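# here is the input, now give the coordinates:
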Amino acid sequence: MNVWQQFQYFTSGRWAQIMVYLGLFMLSTAQQCADSEKSPTPQAVYTFNTPPHFGNTFKIPDDNPMTEAGIELGRMLFYEKSLSRDSSLSCATCHQQSRAFTDGRAKSIGIWGQRLTRSSMSLVNLLWVDKFFWDGRAGSLEEQAVIPLTDPREMDMNMEEVVRRLQYSGLYPPYFKKAFGTDQINPQLVVKALGQFQRTLISANSRYDRIVKGEVKPTVQELRAINLFMTHPVPEINLRGGNCGDCHGSHLTTLNTFHNNGLDSIPKDPGLARISRDHQDLGRMRAPSLRNIALTAPYMHDGRFKTLEEVLEHYNEHIQRSAYLDPLIMEATNEPNGQTLMLTEEEKKDLVLFMHLLTDSSFVQDARFANPFVEKKN
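Purely as a prediction, here's the structure:
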């Protein structure tokens with residue numbers, strides 16, 4: 001047997017093994033690539049640095065973990081006007097950062113100039129909210145996003161058209177690829193990105209926050225205003241209160257509860273009752289956060305009050321009695337046998353002062369929340 005024949009004899013089995021292993025390796029690699037295409041893997045989870053005084057009673061959906069890329073994509077979509085039928089409106093049209101993500105209108109205006117039936121709610125600290133809109137008809141930010149997009153009075157789109165426009169835009173597929181591991185856009189990924197961005201809209205740097213955190217010392221009037229706002233009145237023991245904290249309590253200035261606050265004896269808007277189908281819920285609306293309230297006029301779901309002073313006048317003197325009036329409002333008074341809240345003029349001024357303490361200038365100027373399509377001018 002010559003040398004070449006000996007080499008073939010001793011290595012033939014080993015070559016076969018090598019070829020088998022190489023084939024298995026190539027097959028495994030191909031399968032991994034295929035699996036990657038089938039099941040996109042998002043980026044590493046974005047870690048929130050949430051304000052400690054807000055608590056951790058929030059939950060991010062398991063199927064929509066936060067990522068830097070997802071948040072940035074959501075920000076782009078929030079300002080994207082092509083998501084409306086005639087490309088004239090974006091989410092930011094009714095939720096403007098300079099107005100703490102409201103629009104300054106009593107009732108918002110949708111596509112083709114159609115006037116809507118309610119005012120735009122401020123988008124703030126939504127991470128701690130579990131029922132959205134004035135009537136609570138959406139249970140998540142993802143569910144909430146679909147409603148204005150598809151409402152014929154608002155943006156007048158369908159999700160298939162939204163996807164088509166984004167898919168063929170030339171701009172968005174790479175961003176979806178980066179955020180979700182696929183450039184094949186679908187409705188679920190659109191609303192997931194919007195939800196991620198909106199969860200970052202956290203306002204926690206007002207003077208009130210700095211007082212709570214012990215960073216600044218409150219004035220005598222500020223401390224008095226804070227206590228008045230959060231206190232339920234008990235005239236029998238001479239405990240005076242503004243009765244505000246019963247609905248707008250906690251450092252979030254909302255308990256995310258629903259109330260009939262006596263705007264009308266017969267509610268013109270059914271509110272929560274339209275969703276719950278419970279007659280007892282007639283006229284109940286979600287008590288929104290009062291964060292940046294000085295920037296979000298006009299007030300109430302129908303924008304009927306132009307100023308904070310008008311709001312206080314309503315609660316102090318003009319509550320409309322009905323069978324649906326919230327009990328926490330019905331019996332609230334600062335005087336024995338009083339029929340109204342009966343605040344003094346000084347107390348009214350204190351409560352207005354408190355609401356101004358909630359203005360967070362850094363929130364409405366934060367570049368992370370601004371329109372990414374507009375270049376800053378130096």
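# can you pull out the strands in the stretch 1-150 of the chain?
In the stretch 1-150 of the chain, no strands are found when defined by DSSP state E, counting those that start in this stretch.
# below-threshold pLDDT in it: ranges please.
For the stretch 1-150 of the chain, the stretches with pLDDT under 70 are 1-44.
# centre-most residue in the protein?
The centroid of the chain falls nearest to residue 126 when counting by CA atoms, centre = their mean (3.3 Å).
# doesn't residue 201 make contact with it?
Yes. Assessed by CB atoms under 8 Å, residue 126 is found in contact with residue 201 at 6.1 Å. The C-beta positions use only the backbone N, C-alpha and C, and glycine is treated the same way.
# sorry, back to before: leaving out the residues flanking it, which one is nearest to the residue nearest to the centre of the chain?
Leaving out its chain neighbours, the residue that sits closest to residue 126 by CB to CB, 6 or more residues apart in numbering is residue 198, at 5.3 Å.
# ditto for residue 172
residue 166 (4.4 Å).
# give me the element the one you found is part of.
Element membership of residue 166, judged by DSSP states H and E, is helix 159-167.
# show me what that helix is in contact with.
Helix 159-167 has contacts (CB atoms under 8 Å, 6 or more residues apart in numbering) with 82-83, 146, 149-150, 172-173, 176, 184-187, 190.
# could you measure from the residue nearest to residue 126 over to residue 131?
15 Å (CB to CB, to the nearest Å).
# which residues sit in contact with the nearest residue to residue 88 once chain neighbours are set aside?
Once flanking residues are discounted, residue 88 sits nearest to residue 81: 6.3 Å by CB to CB, 6+ apart. Counting by CB under 8 Å, 6+ apart, residue 81 touches 87, 88, 89, 90, 93.
# try it again with 7 Å
Residue 81 is in contact with 87, 88, 89, 90, counting by CB atoms under 7 Å, 6 or more residues apart in numbering.
# please enumerate the helices of the stretch 101-250 of the chain.
Per DSSP state H, counting those that start in this stretch, the stretch 101-250 of the chain carries helices over the ranges 141-150, 159-167, 172-180, 187-199, 207-212, 220-230, 245-248.
# so which of those helices is the most packed in?
The highest mean neighbour count among the helices of the stretch 101-250 of the chain, using mean count of other CB atoms under 10 Å, belongs to helix 187-199: a mean of 23.
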